[in-house]
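[1] the following comprises the amino acid sequence and a computationally predicted model.
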Amino acid sequence: MTLAYDYPVPGVFWTTMWIFLWILWFVLLFRIIGDVFRDDSLGGGAKTGWLVFVILLPFLGVFVYVVARGKETGTRERQHAQARQQAFDEHIRETARGGGAESASEAEQLAKLSEIRSKGDITEDEFRLAREKILH
């Protein structure tokens, strides 16, 4: 009589461990490839060299990269995160001030609208409708 379960618990543990390590290695590989592309201090030849090394000898390439450039990787990641945060904060400030294309004052918008009308690009009726939208 055979049982439906024929896989021992230590086998499940080791299989799970290997799958976890395999996924972890892939995540590390993709982070390294992203770091190579993001690094402005590397030239084109150095980037190509690292990518070829990491792709042709994947395990060795990943480990050598982590040993050789691991410390700078964290610094670059932190700088990238700070730059993204600053850009986001600036966007929020501009939006809160009514920034962007909408930051022009009513007078500036009316002046532009008047200039467009004087060129003949819009009719008098279109000018009046646009002026009402700006003022309301």
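    Structure received. Numbering: from 1, shown residues only.
[2] wait, residue 42 sits on residue 50?
    Yes: with contacts defined as Cβ atoms under 8 Å, residue 42 counts as touching residue 50 at a distance of 7.4 Å. Where you see a C-beta, it was placed from the backbone N, CA and C, and this is true even at glycine.
[3] shared neighbours, those two?
    residue 36 (Cβ atoms under 8 Å, 6 or more residues apart in numbering).
[4] compare the two (neighbour count), which wins?
    Between residue 42 and residue 50, counting by other Cβ atoms under 10 Å, residue 50 is the more crowded of the two (22 against 16).
[5] now for the more buried one: which residues touch it?
    Contacts of residue 50 were listed using Cβ under 8 Å, 6+ apart, and they are 32, 36, 42, 61, 65.
[6] nearest to residue 91, of those?
    Residue 91 has its nearest neighbour among the contacts of residue 50 in residue 36, at 28.3 Å by Cβ to Cβ.
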